Every structure is written in structure tokens, then in C-alpha cells.
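**Q** Sequence plus the predicted model coming up.
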Amino acid sequence: MLLSGKYIIVTAGPTIEPIDPVRFLSNHSTGKMGYAIAGELARRGARVALVSGRTNLDTPAGTERVDVLSAEDMYRAVMERFPQADGAVMCAAVADYTPAEVSDTKIKKQDGDMVIRLKRTRDIAAEAGRVKGRRILVGFALETDHERENALGKLQRKNLDFIVLNSLRDAGAGFAGDTNKITVIDAAGKVSEYPLETKAAAAARIVDRMEEWFALHE
Ligand code: CTP
């Protein structure tokens, strides 16, 4: 198997950014796409660390699951393992902002509106891109408009080898369902569009591309 001996980190699912002990900010990610990729990598012989936000999914066979909550937790779990890894697939929907202050006690309501100040989180994919050396790095982009242009910008900014684009304009693509319609853009700017298919089939395409990359870079 082409991927045996490779150690790959996969991030998946949403992050949870606490406001106080009972409230948080998050998003609609289910983790399905990342779990499908992690399972496919393991089936093809890779050792997989699945760094996962909160999901309702079973751990794919053969993967080591590392549960995290916040973007900061996910950053630490990934960067701790990245030096030993041969690559990473950044599939998680990581919060770009987190509450600047977290209250130790439950915030009580008051008259009138309330403001929660947010600060930027660290970009895990970009940091991995900065120190990636000879590793493979795959990112995701979920876009509603100017899809290819935005995805290409992310690929370059984060020093990725591939970016997998999902457009929210495509029916059947995105978070909740079991299908996806992906477009893969590589670092040379080559664009490959794939049909609407199951997330398992889309995962197999992405892992095929990773295998090809390893075959070329060995
Ligand atoms: N990502 C990450 N760490 C973050 C934010 C994003 O690793 N703190 C990764 C995601 O896992 C994904 C890619 O970066 O692979 C998404 O890029 P990003 O620029 O964050 O996209 P959006 O969240 O869609 O942000 P925006 O469109 O606002 O730039």
C-alpha cells in the first residue's frame, strides 16, 4: 500500500469557543468529510491522527482520535504532532474569532443589548504551511462567491499543496449531507472538478491525489 508508513494528521468538525460555562460560539460542521478522509487514509495503510472537534460520528477504524474543543486546543494538538507527520489535511471548520474574555461564571442578562468582543484565533493551516518543509498540506475552502479566486488565494497564503473547494451554491455540497461536490486546485493552479458524489467517494479522490503527490515527491 502506497501510504503505509506515512503519518497523516486530519482535522475535522467544528470548534467550540466558550463564552461562559454554559454558552459557546460554533458552526454547523458535522465532521463527515474529515472522518471520511481519515478512514480512507487508514484503509490505504497510513497512520492517522484524527484531531476532531465535537461530532456525533464513530471513530473511523484504524485512526487515533484526539478530541479537542476550541481553535486553540486544535492548534496545539496539531502543532504537537506536525513535526513527526508526513502531512496534514485541514478539514475542520475552525473558528476565525473567539471571545476575547471568557467569564468564569454564567453571564446574567441585563436590560438592553449586549456586546461580546471577539479576538482572532491562530490559523492552524497557515502555521503548518509556514513550517511544512517536505510535508504535504491539504486545505479546504467553503465559498459562496468568487469561489476559485478565493480558494486559490487561500492555497497561496497558507502554502498548501492542494485546496479542496466546496461551493455553497452547489446543491448537495457542504456540511450536513452525505454528498459533496468538490473542486481540487493544486499548487500549479491545475483545477479538477469532480461530480456530485458521496463524501466517501470524494474522500477517495482526495486520497488518490495525495498518493500521486507522494509518488512524485519520493
Ligand atoms: N483553517 C485553520 N485554522 C484556522 C482557520 C482555518 O486551519 N484558524 C483551515 C481550515 O481547516 C481550512 C482552511 O483553513 O482548511 C479554510 O481557510 P479560511 O481562510 O479560514 O477560510 P474561511 O474560514 O472560509 O475564512 P474566510 O473565507 O473568512 O477567509
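**A** Looks like it came in fine.
**Q** In this protein, mark out all the strands, start to finish.
**A** Under the criterion DSSP state E, the chain contains strands at 7-12, 17-20, 23-25, 47-52, 63-67, 87-90, 97-99, 118-120, 136-143, 162-167, 179-180, 182-186, 191-193, 197-198.
**Q** ok, Thr105 - contacts?
**A** 20-21 (CB atoms under 8 Å, 6 or more residues apart in numbering). The C-beta positions use only the backbone N, C-alpha and C, and glycine is treated the same way.
**Q** Then Ala85?
**A** Contacts of Ala85 by CB under 8 Å, 6+ apart are 7-9, 49, 135.
**Q** can you pick the most crowded of the residues you listed?
**A** Ile9 (29 neighbours; other CB atoms under 10 Å).
**Q** For that residue, give the beta-bridge partners.
**A** Assessed by DSSP bridges, Ile9 has beta-bridge partners Ala49, Ala88.
**Q** before we move on, the earlier item: adding distance to the ligand and mean pLDDT, write the strands of the chain out as CSV.
**A** Converted to CSV, the strands of the chain look like this (distance: least, CB to the nearest ligand atom, whole Å; pLDDT from 0 to 100):
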stretch, distance to the ligand, mean pLDDT
strand 7-12, 6, 98
strand 17-20, 11, 98
strand 23-25, 13, 98
strand 47-52, 10, 98
strand 63-67, 15, 98
strand 87-90, 4, 98
strand 97-99, 9, 98
strand 118-120, 8, 98
strand 136-143, 3, 96
strand 162-167, 7, 92
strand 179-180, 14, 90
strand 182-186, 13, 96
strand 191-193, 17, 96
strand 197-198, 20, 94
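**Q** Buried residues in stretch 45-60, which are they?
**A** 46-53, 55, 57, 60 (16 or more other CB atoms under 10 Å).
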